[in-house]
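[1] Have a look at this prediction, sequence included:
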Amino acid sequence: MVLGYSIGVVALLACVVLLGATMQGLVGLGLNLVSAPVVTMVTPSLMPELPLVLAVLLPFFTLARSRAEIDWPGLVWVLPFRVPGVALGVLFLALFSDRAVAVAVGAMVLFAVLLSLAPLELPVRRSTLGLAGLLSGLAGTATSIGGPPVALLYQHRSPQQIRSTLAVVFTVGAAMSLVGIWLSGHLDTDAWPMVALLTPCLVLGAWAGARLQPVLPDRLVRYAVLAICAGSALLLLVRSLF
């Protein structure tokens, strides 16, 4: 047993965090898309605190490498609208059961995958940025998966701008979500020891993602991430519903 969990469970969490951090290092998102369904399935007591704290930490590695292409004018609209989104997410956590949260995580991931595959390009303007911020705050707080609404808007920008802009959204947005959960009185600190245990996996994944950026085509990596996310979400939905 490690921190009260079996060796198999800890090893599984380490693997999904490593994989998710590598994917996020490659394409800008992926940590919680990969890890949140698995965490919800095998250690629901650590949701959403564990993925949210990891989501605060990982972007610092991205921002340490590059900050030049951050879209600050867009973030001026995205981040303030996350505040009411966080409030709605906290309300969701207070009203619904762990099973409902698990279904929400799975559905959110599948919805994100379908949106990513759809041949559409949404205009990046104040109204869409504000709506993306609101949805990101709601989904990020309730399910720890807040990246897809913003990523959808930026998916046709340069890979470096996607990675650096989303890094700011993740670290600031996840911190907002944790503060909102804490103010509501629902913050569980049991996830902190597991965060410390899994942090080396974050570091290794961030390093691996950075090294793989010039090697693997962005399009190939993108579809690999979508396939992994969809499979993980389907498994979570089947287990939660049946």
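    It's in. Numbers count the residues shown, from 1 in each chain.
[2] Distance check, residue 147 against residue 209.
    Using C-beta to C-beta, to the nearest Å, residue 147 is found at 15 Å from residue 209. From N, CA and C alone the C-beta is placed, and that goes for glycine too.
[3] residue contacts, the most centrally placed residue in the chain?
    The chain has residue 32 as the residue nearest its centroid, 3.5 Å off, counting by C-alpha atoms, centre = their mean. Counting by C-beta atoms under 8 Å, 6 or more residues apart in numbering, residue 32 makes contact with 20, 51, 54, 55, 144, 145, 146, 147.
[4] and the helix or strand where it lies, how far from the chain's centre?
    Using DSSP states H and E, residue 32 maps to helix 31-42. Computed by C-alpha atoms, centre = their mean, to the nearest Å, the chain-centroid distance of helix 31-42 equals 9 Å.
[5] which element follows it toward the C-terminus?
    Counting by DSSP H and E, the element after helix 31-42 in chain order, helix or strand, is helix 49-57.
[6] buried ones in the helix or strand that that next one is followed by?
    Reading on from helix 49-57 to the C-terminus, the next helix or strand found by DSSP H and E is helix 59-65. By 16 or more other C-beta atoms under 10 Å, the buried positions in helix 59-65 come out as 59, 61, 62.
[7] ditto for stretch 64-76
    70, 71, 74, 75.
[8] Kindly report the same for stretch 79-98.
    So, applying 16+ other C-beta under 10 Å, buried residues of stretch 79-98: 79, 81, 82, 85, 86, 87, 88, 89, 90, 92, 93.
[9] Restricted to strands, list these.
    With strands taken from DSSP state E, there is no overlap with the buried residues of stretch 79-98.
[10] now, among those, which is nearest to residue 192?
    residue 93 (18.4 Å; C-beta to C-beta).
[11] The closest one against residue 181, yeah?
    Yes - using C-beta atoms under 8 Å, residue 93 is in contact with residue 181, at 7.0 Å.
[12] what residues are shared contacts of the two?
    Joint contacts of residue 93 and residue 181 (C-beta under 8 Å, 6+ apart) are 48, 141.
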